[in-house]
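Participant: Model the structure of this input:
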Amino acid sequence: MDAGILHSCDSDTDPARCLTERYTSEIAAMQTKKAAYLDGTVQRGSPAEGGRLAAKIAGRYSHQFPNGDVQGDTYTSTDTLTIRPTGAASIHFDVELNFYNGHTCSLSGGALYRKDGSFVFDDSPANTPSNAPSCRLAIIPTNNGVKFNDITGACKNYCGARGGWNGEGFTFKERVAVPVTPAREKTTP
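Facilitator: Okay, here's the model as predicted:
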């Protein structure tokens, strides 16, 4: 983006005005995209769609892979994820991801279905320093499984130095489905 703006303003008769206008315009466009993205991960999604997707992704996922450490030792690691529907449009999840040299990412909690089609875990403010953003982890259903997105970058706090959420995920081939039991209705005596 910068190169395009600089190139177009090089030949302008008033480069300072050109740069100001172009950067202001590009920043406004990025703010609009950011607002739409945040709106999608904050606003609740359709309960019916959330319930359908929660049932679709429910299960126990695991995959094994060769791993190692800085001493040259090698071993096998197993990443795991369990997803259980817990309401009309929410899930409970437990995830453990493994990385080089024994570093891990580990998190457990509830996630609500959002307008953008993801289930989002919002960490408790009590777990977050006052000058830092809270962890917001999106669990995104895909055609082939689920992926993770660390929305604020703060979920990195639940990882070792070599761990991270973005780009990680599981496929349906790595899942053992668990029975989905509907919520019990209260009965009156």
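Participant: show me where pLDDT drops low in the chain?
Facilitator: 35-42, 178-189 (pLDDT under 70).
Participant: if you set the cut-off to 80 instead, what comes out?
Facilitator: Across the chain, the ranges flagged by pLDDT under 80 are 1-7, 28-29, 31-43, 125-132, 177-189.
Participant: which strands and helices sit next to the longest helix seen in it?
Facilitator: As assigned by DSSP state H, the longest helix anywhere in the chain is helix 15-42. If contacts are counted by 3 or more C-beta pairs under 8 Å, 6 or more residues apart in numbering; DSSP states H and E, helix 15-42 sits against helix 2-10. In this view, the C-beta of every residue, glycine as well, is placed from N, C-alpha and C.
Participant: what helices or strands is the helix it packs on leaning on?
Facilitator: Going by 3+ C-beta pairs under 8 Å, 6+ apart, helix 2-10 lies up against helix 15-42.
Participant: Can you name the element that comes right after the helix it packs on?
Facilitator: helix 47-57 (DSSP states H and E).
Participant: my read: Asp122 touches Thr128, true?
Facilitator: No. Between Asp122 and Thr128 there is no contact, the gap being 10.4 Å when judged by C-beta atoms under 8 Å.
Participant: The longest helix of the chain vs helix 2-10, what angle?
Facilitator: 150 degrees (axes from the mean of the first three to the mean of the last three C-alpha atoms, to 10 degrees).
Participant: Pop out the phi and psi values for the closest residue in space to Ala111 that isn't next to it in sequence.
Facilitator: Residue nearest to Ala111 in three dimensions, not counting chain neighbours: Phe119, with 3.8 Å by C-beta to C-beta, 6 or more residues apart in numbering. As for Phe119, its main-chain torsions (degrees, to the nearest 10) stand at phi -100, psi 130.
Participant: what do you get for Asn101?
Facilitator: According to degrees, to the nearest 10, Asn101 has phi 70, psi 20.
Participant: again with the one 5 residues further on
Facilitator: Backbone dihedrals for Ser106, given as degrees, to the nearest 10, come out at phi -140, psi 130.
Participant: So that it lines up with my notes, have the first residue be 45 from now on.
Facilitator: Yep, numbering from 45; the last one is Ser150 now.
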